[in-house]
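**Student:** Got a predicted model here, sequence first, then my questions.
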Amino acid sequence: MLSPERMLYSHKLFDNETGLQRRVKSGLIWLSTGWFTMILATEMCDQVKVYGMSNGENCRDPNAYPAAYHYFDSDNITYARNECDEYNGMEKREKDAHRFFTEKTVFERWSKYHKITFHFPSWNRYE
């Protein structure tokens, strides 16, 4: 359960893992639901299999399919927000943003210490 104490723990863990301060004077870095879910999964499960979470490698490929940021935006890709554009934009914003790529870098590092595997797309295991 996510109690206020667990939320504080999650925030401090982000700060320690990334070297970033989640709460900055000019704004706020929002932690994603994926961040909280991964913490709970690694604490509750002996093995975690993650499906459908991109590590961002696809965003470096100019020929990659422009996946919609939200599934409910995917009916009309012309008007939908592109996942890669959204993720890159969030990483550059100074406040009021998620740090999706930063979080995923931490998840990849955690896969060295926890039984976490990534499928569809698969990730290279952290070495």
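**Tutor:** Arrived safely.

**Student:** just checking, residue 49 is part of a strand?
**Tutor:** Yes. Counting by DSSP: H, G, I helix; E, B strand; the rest coil, residue 49 falls inside a strand.

**Student:** Grab the nearest non-local neighbour of residue 21.
**Tutor:** residue 15 (5.8 Å; Cβ to Cβ, 6 or more residues apart in numbering). Using the backbone N, CA and C atoms, a C-beta is placed for each residue, glycine as well.

**Student:** quick one: the most centrally placed residue in the chain and residue 47, what's the gap?
**Tutor:** Central residue of the chain (Cα atoms, centre = their mean): residue 100, 3.8 Å from the mean position. Distance of residue 100 to residue 47, computed by Cβ to Cβ, to the nearest Å: 24 Å.

**Student:** low pLDDT regions in the protein?
**Tutor:** Low-confidence segments of the chain, defined by pLDDT under 70: 1, 23-27, 70-80, 124-127.

**Student:** residue boundaries of the strands in it?
**Tutor:** Residue ranges of the strands in the chain, as given by DSSP state E, are 23-24, 27-30, 48-51, 97-98, 116-119.
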